[in-house]
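Trainee: Following is a predicted model, sequence given first.
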Amino acid sequence: MELKKQLLESCKSFVNERLQTVHQTISSHQKALASEAKSSAGDKHEIGRAMLQLEMEKASQQLAGISEMNTILSKINTSKTSKIAHLGSIIYTNIGAYFLSISAGKILIEDNEYFAVSVSSPIGRILLGKQEKQSILFNNKNIHITKIE
């Protein structure tokens, strides 16, 4: 399988795992809310319900983030190649290789490390639009772009 496709699949797996975790969280909170509703009233009861409501809101925000990540991943065309860094590019540098996609962290493929970074992350914003042989300054480090796929 082509490297870009493998990286994209790893990112999709990352998003699906997060989605499952959030769904499990929502499900357990819904069960807890249902059991809270059956318990007696009072301050302790109200605080418990309020805390669960906050957790449910946090989970729904995470769902929105996951949806946004899926939208970004759907825009990646693995067959597009360019010597200018764009969404879906693999950027090789003197300090590591980056996959411009979503912030999914380190991905290991055939003993090679790639860092999936969002185009809106600090390093992603700097890399976006750069070309081979260019250098950038990030965190007081001079990073040289050796190759873009």
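Mentor: Okay, I see it. Small disclaimer: the values here were computed from a predicted structure and weren't measured.
Trainee: what about Ala64, how many neighbours?
Mentor: 9 (other CB atoms under 10 Å). (C-beta placed from N, C-alpha, C; glycine too.)
Trainee: Just the buried residues of the helix or strand containing it, please?
Mentor: If you go by DSSP states H and E, Ala64 is part of helix 43-74. Going by neighbour count (16 or more other CB atoms under 10 Å), the buried part of helix 43-74 is 48, 52, 55-56, 59, 62-63, 66, 69, 72-73.
Trainee: got the contact list for the residue sitting nearest the centre point of the chain?
Mentor: The C-alpha lying nearest the average C-alpha coordinate of the chain belongs to Ser103 (CA atoms, centre = their mean; 3.4 Å). By CB atoms under 8 Å, 6 or more residues apart in numbering, the residues touching Ser103 are 116-118, 121.
Trainee: what's the answer for Gln53, then?
Mentor: Per CB under 8 Å, 6+ apart, neighbours of Gln53: Leu33.
Trainee: What of Asn142?
Mentor: Counting by CB under 8 Å, 6+ apart, Asn142 touches 135-136.
Trainee: can you do 6 Å?
Mentor: If you count contacts by CB atoms under 6 Å, 6 or more residues apart in numbering, Asn142 has them with Ser135.
Trainee: Of the contacts of Ser103 - the most surrounded one?
Mentor: Val117 (23 neighbours).
Trainee: Need the phi and psi values for that residue.
Mentor: phi -130, psi 140 (degrees, to the nearest 10).
Trainee: hmm, back to that, for Lys133, state which of the buried residues of helix 43-74 is nearest.
Mentor: Ile72 (27.4 Å; CB to CB).
Trainee: and the gap between that closest one and Asn94?
Mentor: 27 Å (CB to CB, to the nearest Å).
Trainee: before we move on, what about Ala50?
Mentor: From Ala50 to Asn94 the distance is 51 Å (CB to CB).
Trainee: returning to what we had before: which one of the buried residues of helix 43-74 is nearest Val15?
Mentor: Nearest to Val15 out of the buried residues of helix 43-74 is Met69 (CB to CB; 5.0 Å).
Trainee: Check what pLDDT Lys31 gets.
Mentor: For Lys31, the pLDDT comes out at 86.
Trainee: and it, how many residues sit next to it?
Mentor: With other CB under 10 Å as criterion, Lys31 counts 11.
Trainee: Buried residues of the strand or helix carrying it, list them for me.
Mentor: Assigned by DSSP H and E, Lys31 belongs to helix 3-38. In terms of neighbour count (16+ other CB under 10 Å), helix 3-38 has its buried residues at 3-4, 6-8, 10-12, 14-15, 18-19, 22, 25-26, 29, 32, 36.
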